[in-house]
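S.K.: structure here, sequence nowhere to be found:
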Ligand code: UTP
């Protein structure tokens, strides 16, 4: 299964910080090597989590002003050596471990020339995907679960139910801000998605779609036929609802209560993510 990581959005809600710096490169706290607190770009955290869960083929969708992402994901051996020379061995090991993962991965960079929406960004990855299944993960959200169990559950559910798409859901207090679904329980913890609406004014449920999905390649046909929706952008939600219109099965798993989501899309959620990731890492380091 290949991974598509859209990171080409404008990040306007975090301006001016995101004028010349990609939102996805803003950092959170995490546990580093040698039990040290570490500051890491969110996109690196997402990539490493997926790598540790066994994924090796990645397509980053980027656009203008995103060159630092490409630079960050290009190993810099001389810098690692310089860190060793300066006696900063722990930092050198930290970088080296990331670079090892990069070297063991296939990473493809795809350009989204205009930020026409999350769905459009996924569509841009079509030629990378061929006939494979894809896991799509937003570049501005990190989900933490014990042993990345949520990735395993979404993969398992997709395989077991032979669905066309499998979504990840979370119960939230403010569903108006999300894509929201109506579901029926198919079996314990796997749901049949009956309807999905992007940022509804009157949400039918409090089940919000989290940006971790698995799709069959048919998602590209659906996205090609999807017109711009909310915000005049091609929405991935509208894309997979087209699959449902065509009679294909869309299913979902739900995050558990102790599975935490950090989203850095707005100043408020970025602050929550900073606080949450600091507390979470400190707790893990003290165990
Ligand atoms: P958002 O929906 O938060 O949009 O993107 P945005 O454009 O980055 O931010 P605002 O609304 O202007 O503040 C969710 C994820 O989808 C990617 C983003 O980079 C982010 O990782 N994305 C979004 C794209 O790759 N292309 C797009 O056209 C839109």
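M.R.: Here it is on my side, so go on. Bear in mind the structure is a predicted one, so any value in this text is a computation, not a measurement.

S.K.: quick check: residue 38 touching residue 27?
M.R.: No: using CB atoms under 8 Å, residue 38 makes no contact with residue 27, being 9.2 Å away. Every C-beta, even on glycine, is put in place using the N, C-alpha and C of the backbone.

S.K.: contact partners of the helix-or-strand element of the chain with minimal mean pLDDT?
M.R.: The weakest-scoring helix or strand in the chain, judged by mean pLDDT, DSSP states H and E, is strand 179-187 (a mean of 90). Identification of contacts with strand 179-187 by CB atoms under 8 Å, 6 or more residues apart in numbering yields 161, 167, 169, 191-200, 203-209, 235, 237, 251-252.

S.K.: what packs against the next helix or strand after it?
M.R.: Next along the chain after strand 179-187, taking DSSP states H and E as the criterion, comes strand 190-198. Where contact means 3 or more CB pairs under 8 Å, 6 or more residues apart in numbering; DSSP states H and E, strand 190-198 is packed against helix 149-161, strand 165-171, strand 179-187, helix 236-245, strand 250-254.

S.K.: quick one: mean pLDDT over strand 190-198.
M.R.: For strand 190-198, mean pLDDT is 93.

S.K.: list, one by one, the residues from this protein near the ligand.
M.R.: 6-13, 23-24, 61, 112, 115-118, 120-121, 138-140, 265 (CB under 6 Å from any ligand atom).

S.K.: which of the helices and strands packed on strand 190-198 has the lowest mean pLDDT?
M.R.: When the helices and strands packed on strand 190-198 are compared by mean pLDDT, strand 179-187 comes last with a mean of 90.

S.K.: mind listing what's buried along that one?
M.R.: Of all the residues in strand 179-187, those buried under the rule 16 or more other CB atoms under 10 Å are 179, 180, 181, 183, 186.

S.K.: for whichever residue of the chain sits closest to the ligand, which non-adjacent residue is spatially closest?
M.R.: Nearest residue of the chain to the ligand, counting by CB to the nearest ligand atom: residue 9, 2.1 Å away. Excluding the flanking residues, the one nearest residue 9 by CB to CB, 6 or more residues apart in numbering is residue 115, at 5.5 Å.

S.K.: can you pull the phi/psi pair for that neighbour?
M.R.: phi -80, psi 80 (degrees, to the nearest 10).

S.K.: in this structure it contacts residue 7, no?
M.R.: No: using CB under 8 Å, residue 115 is not in contact with residue 7, being 10.7 Å away.
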